[in-house]
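Asker: please work out how this folds:
(one chain, ligands or ions: 1)
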Amino acid sequence: KFDREDKIDYVFKVVATGDSAVGKTQILSRFTKNSFCFDSKSTIGVEFQTRTLTIKGKVIKAQIWDTAGQERYRAVTSAYYRGALGALVVYDITKRRTFDNVARWVDELRAYADTSIVIMLIGNKADLVDLREVPTEDAVEFAENKGLFFSETSALSGDNVESAFFQLLEEIHGIVS
Ligand code: GDP
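Answerer: Numbers count the residues shown, from 1 in each chain. Presented below is the predicted three-dimensional model:
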């Protein structure tokens, strides 16, 4: 019997971080289920979602972890980061504060995660153009200074979600293979 599990070449753990309500859970559902849930939450206890895809001829299972609301209490533990090969640090382009806090999330990754972790900065809710508080250039500059990849996404419309994940996963693949 054909079993896809037998064919998996790599499992990549990716963690999502960033302030509460920036859209982490919705980005994950967009990527793993191509869905957006208007009355989501609160994701208490949900650990990870997966999607299996092919990169450069290899079957990769992306296991993407969600903070499950713990970020609200700054109770994200070192166990959450353990073994992660990639990270999404998400902010909301309509909330300056969530961008100002990005440095703290990156510091936490640097402290707890593996030194080779690939980090993608994500400015989410890009569909809310009229409410923008964070100029794209500010994020580009920050990402360059910190050595992060960067993308603006909309979990609502789906814009750039797929490409951001593929860029991250391709980069991880380049490191592990
Ligand atoms: P989390 O706490 O970071 O996991 O954030 P959620 O995924 O629960 O999203 C928080 C709120 O923002 C919810 O009301 C979502 O419907 C909304 N949201 C998430 N992503 C987007 C987006 O790309 N565009 C818009 N307009 N709203 C979004």
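Asker: skipping adjacent residues, who's closest to the closest residue to the ligand within the chain in space?
Answerer: At 2.9 Å from the ligand, G23 is the closest residue in the chain, using CB to the nearest ligand atom. Where C-beta positions appear, they are placed from N, C-alpha and C, glycine not excepted. Using CB to CB, 6 or more residues apart in numbering and skipping the chain neighbours, the partner closest in space to G23 is N124 (4.1 Å).
Asker: the most centrally placed residue in the chain: what's it in contact with?
Answerer: In the chain, the centroid-proximal residue (CA atoms, centre = their mean) is L88; its distance is 2.8 Å. The contact partners of L88, by CB atoms under 8 Å, 6 or more residues apart in numbering, come to 14-18, 24, 27, 64, 119-120, 122, 164, 168.
Asker: export those as JSON lines, with columns for neighbour count, secondary structure and pLDDT.
Answerer: Converted to JSON lines, the contacts of L88 look like this (neighbours: other CB atoms under 10 Å; DSSP: H, G, I helix; E, B strand; the rest coil; pLDDT from 0 to 100):
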{"residue": "V14", "neighbour count": "23", "secondary structure": "strand", "pLDDT": "97"}
{"residue": "V15", "neighbour count": "27", "secondary structure": "strand", "pLDDT": "96"}
{"residue": "A16", "neighbour count": "25", "secondary structure": "strand", "pLDDT": "96"}
{"residue": "T17", "neighbour count": "26", "secondary structure": "strand", "pLDDT": "95"}
{"residue": "G18", "neighbour count": "26", "secondary structure": "coil", "pLDDT": "95"}
{"residue": "K24", "neighbour count": "28", "secondary structure": "helix", "pLDDT": "94"}
{"residue": "I27", "neighbour count": "27", "secondary structure": "helix", "pLDDT": "96"}
{"residue": "I64", "neighbour count": "24", "secondary structure": "strand", "pLDDT": "95"}
{"residue": "I119", "neighbour count": "24", "secondary structure": "strand", "pLDDT": "98"}
{"residue": "M120", "neighbour count": "23", "secondary structure": "strand", "pLDDT": "98"}
{"residue": "I122", "neighbour count": "31", "secondary structure": "strand", "pLDDT": "98"}
{"residue": "A164", "neighbour count": "22", "secondary structure": "helix", "pLDDT": "98"}
{"residue": "L168", "neighbour count": "24", "secondary structure": "helix", "pLDDT": "98"}
